[in-house]
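*Asks:* 3D, please:
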Amino acid sequence: MSLRELYPIPDIDPCWTVPQDFEAAFDWRYDDGRKHMMHLYQKGKDMQWDALERIDWSEALGEENPMGMDDTLTGIYYTPVWQKMSDKERAHARRHFQSWTISQFMQGEQAALICAAKIVQQVPDMDAKFYAATQVMDEARHVEAYKKFLEGFGVAYPMTPPLQTLVDQALRDSRWDMTYLAMQVVIEGLALAAFANIRETAKNPLAQQVNAYVMQDESRHVAFGRLALRDYYPHLTQAEKDEREEFLVEACYHMRDRFEAREAYEVLGLPVEECVRAQDESGYMKIFRTMLFQRIIPIVRDIGLWSDKIQAAYAKMGVLDFANTDYESLVKEDNRRAEEFDEENKKKRRQYVESVAAVGAAAE
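*Replies:* Numbers count the residues shown, from 1 in each chain. Now for the predicted structure:
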């Protein structure tokens, strides 16, 4: 199935091209590489998985609430717009709201796929090329998984303009570290928080699984950017660091404000500005937009872009306290949750085999 056929917005271009101007770097040293980077590469190889096999696709999405999300998490739940809707209209709106969110996950994964391929070409060190190559495969698998997941909604959405703008900047910049900074730190760091929101609040097992398994990979990807940039940034001039800090702050504001779902409100024929305003003022959205930075801020501090200026900017956003987050504990939790779903799926398969065997034995 072509997801373009599911876009409710007419005249979406079949592809998007971004002109690029950068050098492809060959590393003739072929040395043993940095120990921590090669360990991450080995881990990336060991943890490859098949989206068709690992995920239990027999789990169906709900008819009226595909992912089983609480309506109070809908930005317009407390508005007259929502109160006036019939049950049928609310079910239709849930499908579009949830599809819009998952669509942005999928669009972001294709962006990560292309950025990771660019990193393989650009980054000067062979060990980083090795790991980035495993990430290319990861991202292809994520696009595959979200695409298959979205087919169950019967509707999909194109990439939002704010995300497209940041991806465009990441791809056009000729400096390899800026691609890391935009994708590995900002976009994927923010995506991890958004994935976790679905993993922990959705009641549908398929929605939980898809996001949990993708998160297990993405945690490694952020660690990759963290290791590479932490080694590189001490060698930059202060002016170069200032430029990157300015980009980070702008990108964080940009990404924070992209969760407006304007496209869904327009398609549903709802008053867009009224809905966006109510959504922005909702207690859930304020908490959600703050929690988006739980994964980004400790990484920014760790890679050394931590001047008084950037700390002041994050304090103004109300997210500076995340600098003290125990990032390693979050990664461990991501792995634990994914492994829980593995065990649950194995248990269900065992029960299925046992039930079939019991039916066969009874028929003898």
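*Asks:* in this structure, which helix or strand is least confident?
*Replies:* Every helix and strand of the chain was ranked by mean pLDDT, DSSP states H and E. The lowest is helix 327-363, at a mean of 86.
*Asks:* And it, what's buried?
*Replies:* The neighbour-count criterion (16 or more other C-beta atoms under 10 Å) identifies 327, 330-331, 334, 337-338, 341-342, 345 as the buried residues of helix 327-363. (Each C-beta comes from the backbone N, C-alpha and C, glycine too.)
*Asks:* For those residues, give me CSV that also has distance to residue 227.
*Replies:* Formatted as CSV, the buried residues of helix 327-363 follow (distance: C-beta to C-beta, whole Å):
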residue, distance to residue 227
327, 12
330, 16
331, 13
334, 17
337, 23
338, 21
341, 27
342, 26
345, 31
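*Asks:* The stretch 51-200 of the chain: helices as residue ranges?
*Replies:* 51-54, 80-83, 87-122, 126-151, 161-172, 176-179, 188-201 (DSSP state H, counting those that start in this stretch).
*Asks:* Now mean pLDDT and distance to residue 300 too, for these, in TSV please.
*Replies:* Compiled in TSV, these are given as follows (pLDDT from 0 to 100; distance: least, C-beta to C-beta, whole Å):
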stretch	mean pLDDT	distance to residue 300
helix 51-54	96	31
helix 80-83	95	37
helix 87-122	96	18
helix 126-151	97	19
helix 161-172	92	16
helix 176-179	94	13
helix 188-201	93	9
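*Asks:* among those, which is nearest residue 362?
*Replies:* Minimum separation from residue 362 across those (C-beta to C-beta) falls at helix 51-54, 30.0 Å.
*Asks:* Tell me the helices and strands packed up against the closest one.
*Replies:* When contacts are defined as 3 or more C-beta pairs under 8 Å, 6 or more residues apart in numbering; DSSP states H and E, helix 51-54 packs onto helix 126-151.
*Asks:* Give the buried residues for the helix it packs on.
*Replies:* Buried positions in helix 126-151, judged by neighbour count with 16+ other C-beta under 10 Å: 126-136, 138-143, 145-150.
*Asks:* How about stretch 47-58?
*Replies:* Buried-residue list, stretch 47-58, by 16+ other C-beta under 10 Å: 49, 51, 54-55, 57.
*Asks:* can you check stretch 244-264 too?
*Replies:* 244-245, 247-249, 251-252, 255-256, 258-264.
*Asks:* for stretch 280-290, same thing?
*Replies:* 282, 284-285, 288-290.
*Asks:* cool, and stretch 193-207?
*Replies:* For stretch 193-207, the buried set under the neighbour-count rule, 16+ other C-beta under 10 Å, comprises 193-199, 202, 204-207.
*Asks:* first vs last residue of stretch 269-286, how far apart are they?
*Replies:* Taking C-alpha to C-alpha, to the nearest Å, stretch 269-286 runs 25 Å from one end to the other.
*Asks:* which residues does the closest residue to residue 141 other than its chain neighbours contact?
*Replies:* Nearest-residue entry for residue 141: residue 51, 5.1 Å, with adjacent residues in sequence omitted and distances by C-beta to C-beta, 6 or more residues apart in numbering. Residue 51 is in contact with 141, 144-145, 148, 213, counting by C-beta atoms under 8 Å, 6 or more residues apart in numbering.
*Asks:* Let's see that with 10 Å instead.
*Replies:* Shown in contact with residue 51 (C-beta atoms under 10 Å, 6 or more residues apart in numbering): 57, 140-149, 210, 213-214.
*Asks:* just to revisit the earlier point, so which of the buried residues of stretch 244-264 comes closest to residue 173?
*Replies:* Nearest to residue 173 among the buried residues of stretch 244-264: residue 247, at 9.0 Å, using C-beta to C-beta.
*Asks:* what's the distance between the closest one and residue 262?
*Replies:* 25 Å (C-beta to C-beta, to the nearest Å).
*Asks:* Quick one: end-to-end distance for stretch 225-244.
*Replies:* First residue to last in stretch 225-244 (C-alpha to C-alpha) measures 14 Å.
*Asks:* An error on my part: the question was meant for stretch 120-128.
*Replies:* Note: stretch 120-128 ends 8 Å apart using C-alpha to C-alpha.
*Asks:* Count residues in the vicinity of residue 316, would you?
*Replies:* 11 (other C-beta atoms under 10 Å).
*Asks:* what about it, which helix or strand?
*Replies:* helix 308-317 (DSSP states H and E).
*Asks:* And that helix, what does it pack against?
*Replies:* Using 3 or more C-beta pairs under 10 Å, 6 or more residues apart in numbering; DSSP states H and E as the contact criterion, the elements in contact with helix 308-317 are helix 238-256, helix 296-302.
*Asks:* how about a cut-off of 7 Å?
*Replies:* helix 238-256 (3 or more C-beta pairs under 7 Å, 6 or more residues apart in numbering; DSSP states H and E).
*Asks:* helix or strand right after the helix it packs on?
*Replies:* Of the helices and strands lying after helix 238-256 in sequence (DSSP H and E), the nearest is helix 262-267.
*Asks:* List the contacts of that following helix.
*Replies:* 8-9, 96-97, 100, 157, 272, 275-276 (C-beta atoms under 7 Å, 6 or more residues apart in numbering).
*Asks:* Most neighbours of all these, which one?
*Replies:* Sorting these by how many neighbours each has (other C-beta under 10 Å) puts residue 157 first, at 26 neighbours.
*Asks:* Need the phi and psi values for that residue.
*Replies:* Dihedral pair for residue 157: phi -130, psi 150, per degrees, to the nearest 10.
*Asks:* thought it was touching residue 105?
*Replies:* No: counting by C-beta atoms under 7 Å, residue 157 stays clear of residue 105, with 10.8 Å between them.
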